[in-house]
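Participant: I would like the atomic coordinates for the input below:
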Amino acid sequence: YIKAANTPAFEAKLSGTQSVSNNTLTKAAFATENFDTDSCYDHSSNYRFTPNVAGKYFVYAQLYVDGAAAANFNNGNAVIRKNGSTIIDGLKNMSNNPPKGMALPVSGILDMNGSSDYVEIWGSCGDASGNPQFLSGAYSVFGAFKVIGA
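Facilitator: All right, here's what the predicted structure looks like:
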């Protein structure tokens, strides 16, 4: 009998609202860990997950992009990047009926080599007022865990 676990695993959230440049892809600074089973998430400088065990990982994020004023959000995206390359892009264009902001979820299963592969979350916000931001707390989260049996 072999007991398997969905680890390494982590989840982090933004610790404060993050101001970003208009229509510019920016790394989201998920600085507050909810948990990190194997200390594989860098929550202080690179904001990236580098698992120390090879395998398939379910990676998920929700990034709340906000126009800072009513009806100013035109477009935005949340992006999963592996080793600096875009793997999954959750682009939304709302320019025909702009809200104030929107939660953008992205997820996928990625192969990770257990030594040098890493994942990060990037995002952007097109804002008519020029004051785009990522909202903090439960609005924006980033996590991953090893998939058992895959």
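Participant: wait, what's in contact with Lys56?
Facilitator: Ile109, Leu110, Asp111, Met112, Lys146, Val147, Ala150 (Cβ atoms under 8 Å, 6 or more residues apart in numbering). (C-beta placed from N, C-alpha, C; glycine too.)
Participant: what's the lowest-pLDDT member of those residues?
Facilitator: Lowest in pLDDT among these is Ala150, which has 69.
Participant: was I right about Leu110 contacting Val59?
Facilitator: Yes - between Leu110 and Val59 there is a contact under Cβ atoms under 8 Å: 5.6 Å.
Participant: who has more neighbours, the two?
Facilitator: Neighbour totals were compared for Leu110 and Val59, and Val59 leads with 22 against 18 (other Cβ atoms under 10 Å).
Participant: pull the CA atoms of whichever strand or helix holds Cys125 into PDB?
Facilitator: In the assignment (DSSP states H and E), Cys125 maps to strand 119-127. These are the backbone C-alpha positions of strand 119-127, laid out as PDB (Å, rounded to 0.1, in the frame of the first residue of the first chain):
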ATOM      1  CA  VAL A 119       5.000  29.200 -12.800                       C
ATOM      2  CA  GLU A 120       3.900  32.800 -12.200                       C
ATOM      3  CA  ILE A 121       0.700  34.800 -12.700                       C
ATOM      4  CA  TRP A 122       0.700  37.900 -14.800                       C
ATOM      5  CA  GLY A 123      -2.100  40.200 -15.600                       C
ATOM      6  CA  SER A 124      -3.200  43.500 -17.200                       C
ATOM      7  CA  CYS A 125      -6.000  45.900 -17.000                       C
ATOM      8  CA  GLY A 126      -7.200  48.400 -19.700                       C
ATOM      9  CA  ASP A 127      -8.800  51.300 -17.800                       C
END
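Participant: Spell out, range by range, the strands that occur in this protein.
Facilitator: Here the chain has its strands, by DSSP state E, at 9-13, 18-19, 26-27, 32-36, 41-42, 48-49, 55-66, 73-82, 85-89, 92-93, 101-112, 119-127, 133-134, 141-146.
Participant: Which of those comes out lowest on mean pLDDT?
Facilitator: Mean pLDDT is lowest for strand 92-93 out of the strands of the chain, coming in at a mean of 87.
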